[in-house]
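Colleague: Okay, sequence plus prediction incoming.
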Amino acid sequence: MEASREPVERGSFFTGPGLLSAASSNDPTTVATLAVVGAATGYALCWLVVLAAAMLAVVQALAAAVGAACKTSLQGAIRRRFGRRWALVTLIAIVSVNLITLVADIKAGAEAISLLTGLRGELFVVPFACLVGFLLVSHSFARIERVLQLLPLAFVSYAASAFLARFDVGALLRGLLVPHLDLSFEQAAMAVAILGTMLTSYVYVWESLEIARRRPAQAAAAYYKWDAAFGMLAVGAVFLFVVVASAATLGVHHLHIDTAGDLARALTPLAGPWAGSLFGIGLLGSAILVVPILAGTNGYVAAQTFGWKGDLDAPLRDARAFYAVVIASLALGAVAALAPLSPVALLYWASVAGGIATPLTLVLLVRLAVDRTAMGAARVRRPLAIAGWVICGVVGTAAAAFLFSLLG
């Protein structure tokens, strides 16, 4: 990646790169997964949602530290420090999950337009993918991303909806303070889905990219770590309210979630007949924000693995291989999104795939963050490093438990 050498103002916690990366984690896959969890298990897994948000805040801080010290993304740092073989392994892990998530999020974007227009979602799959491709190739995405990152904040309405639905305070406190998780297939899958959708690799790879582009001085590195952590914690509160609102509305009535319209029911206490439109606006905003990031991340990790020149700021003629990966990702995602699959099930299982694939990338992230050769004097301090290794253990154990449950 050709990083900009121009000085960049740090801004505030509300305008720094941490909020954009955090907002990208608030994608349709995450919203659908957490709504499914709330509808199926009530408040029982709220403790895991809060824990995962705190874990991702740590991971984002580690990614920011790597981007600031190495002046390249996580993938570029992996190739530089561990060689192309490990870079190829992480390329496969990142791109495969990104493609599955792209399919789910493109389908979600089309479903969001369907909610707003009343027309069939299949009609909008290809136009939506083409729109995103145009934004990336024409560099229009860079101009509007700061506006787009505010659109998923429509999901803050889940907080109001949860209160209006009069959620069960006692059940919520038990769900937060008394961790419970059995080894049944359903619970194991949901645990992996929560961790996979919130700790998915594109979020922290993109965080490292955003920081590397700014090439911050060492004195600014601490700011970016706090910015990354704050952005994730702010969005993490929204995650919790998605679960609570779904538990208080869909869960108490044991309603099955299969479509975007079903997800919108959780907003009915707040918006009434406008629930579908309100949910559609937020869902479309998050899809327009995250689909370019997913496709762009594929381009970056491929370019930095094979040594191509490529950047979303570069013109098409100077980065043909980079843009070929970006456009191919969107095309594959759109074709697969036309399959007659349940959009919510697709979003949910994309999260499960992320939970299985992300432990390897997390281990390499922490390994880099503590490596003196890669980081020099900027390597992270022991408390943050220990937290990173604990997170790797938790995510790896959850993935292993899920795979074990498949054999049961």
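Modeller: Good, I have the coordinates.
Colleague: how about the residue nearest to residue 84 when sequence neighbours are not counted, what does it touch?
Modeller: For residue 84, the nearest residue in space outside its immediate sequence neighbours is residue 305; the separation is 6.8 Å by C-beta to C-beta, 6 or more residues apart in numbering. No exception for glycine: its C-beta is placed from N, CA and C like everyone else's. With contacts defined as C-beta atoms under 8 Å, 6 or more residues apart in numbering, residue 305 is in contact with 75, 79, 84, 87, 88, 91.
Colleague: Mark which of these are part of helices, please.
Modeller: Secondary structure assignment by DSSP state H places 75, 79, 84, 87, 88, 91 of the contacts of residue 305 in helices.
Colleague: can I get those residues in TSV with pLDDT and neighbour count?
Modeller: As requested, the ones in helices among the contacts of residue 305 are exported to TSV (pLDDT from 0 to 100; neighbours: other C-beta atoms under 10 Å):
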residue	pLDDT	neighbour count
75	94	26
79	95	23
84	92	13
87	94	22
88	95	14
91	94	20
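Colleague: what's near enough to touch the residue nearest to residue 212 when sequence neighbours are not counted?
Modeller: The spatial neighbour of residue 212 that comes closest, neighbours along the chain excluded (C-beta to C-beta, 6+ apart), is residue 67 at 4.2 Å. The neighbourhood of residue 67, defined by C-beta under 8 Å, 6+ apart, consists of 73, 74, 207, 208, 209, 210, 211, 212, 224.
Colleague: element containing residue 67, please.
Modeller: Assigned by DSSP states H and E, residue 67 belongs to helix 46-70.
Colleague: For that helix, what is the distance to the chain centroid?
Modeller: A distance of 12 Å separates the centroid of the chain from that of helix 46-70, by C-alpha atoms, centre = their mean, to the nearest Å.
Colleague: what does stretch 243-263 give?
Modeller: Using C-alpha atoms, centre = their mean, the mean C-alpha position of stretch 243-263 is found 22 Å from that of the whole chain.
Colleague: The contacts of residue 67 into a markdown table, with extra columns for pLDDT?
Modeller: Below are those laid out as a markdown table (pLDDT from 0 to 100):
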| residue | pLDDT |
| --- | --- |
| 73 | 90 |
| 74 | 94 |
| 207 | 85 |
| 208 | 90 |
| 209 | 87 |
| 210 | 82 |
| 211 | 85 |
| 212 | 85 |
| 224 | 63 |
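Colleague: out of those residues, which one sits closest to residue 259?
Modeller: Checking the contacts of residue 67 against residue 259 by C-beta to C-beta gives residue 207 as the nearest, at 31.9 Å.
Colleague: does the closest one sit in a helix, a strand or a coil?
Modeller: For residue 207, the reduced secondary structure class is helix; criterion used: DSSP: H, G, I helix; E, B strand; the rest coil.
Colleague: pretty sure it contacts residue 65?
Modeller: No: Residue 207 lies out of contact with residue 65 (C-beta atoms under 8 Å); the separation is 10.1 Å.
Colleague: Report how many residues lie close to the nearest residue in space to residue 28 that is not next to it in sequence.
Modeller: If the residues on either side of it in the chain are set aside, residue 28 comes closest to residue 108, at 3.4 Å by C-beta to C-beta, 6+ apart. Residue 108 sits with 31 neighbouring residues when counted by other C-beta atoms under 10 Å.
Colleague: State the pLDDT value of residue 108.
Modeller: Predicted confidence (pLDDT) for residue 108: 88.
Colleague: in the helix or strand harbouring it, what's buried?
Modeller: For residue 108, the enclosing helix or strand under DSSP H and E is helix 84-117. The neighbour-count check on helix 84-117 (16 or more other C-beta atoms under 10 Å) flags 86-87, 89-91, 93-95, 97-116 as buried.
Colleague: next helix or strand past it?
Modeller: Tracing the chain C-terminally past helix 84-117 and defining elements by DSSP H and E, one meets helix 125-137 next.
Colleague: what comes up buried for that following helix?
Modeller: Of the residues in helix 125-137, those scored as buried under the neighbour-count criterion (16+ other C-beta under 10 Å) are 125, 126, 128, 129, 131, 132, 133, 135, 136.
Colleague: Pick out the most distant pair among the residues you listed.
Modeller: Across the buried residues of helix 125-137, no pair lies farther apart than 125 and 136, at 17.3 Å, counting by C-beta to C-beta.
Colleague: ok, now which ones touch the residue nearest to residue 43 when sequence neighbours are not counted?
Modeller: By the measure of C-beta to C-beta, 6+ apart, the closest residue to residue 43 outside its immediate chain neighbours is residue 175, 3.3 Å from it. Residues in contact with residue 175, defined by C-beta under 8 Å, 6+ apart, are 42, 43, 44, 45, 46, 47.
Colleague: Same check on residue 341?
Modeller: Counting by C-beta under 8 Å, 6+ apart, residue 341 touches residue 107.
Colleague: same thing but at 10 Å, please
Modeller: 103, 104, 107, 349 (C-beta atoms under 10 Å, 6 or more residues apart in numbering).
Colleague: In those, find the pair that's most separated.
Modeller: Based on C-beta to C-beta, the longest span within the contacts of residue 341 runs between 107 and 349 and measures 12.2 Å.
Colleague: Which neighbours do these two have in common?
Modeller: With C-beta under 10 Å, 6+ apart, residue 107 and residue 349 have common neighbours 341, 342.
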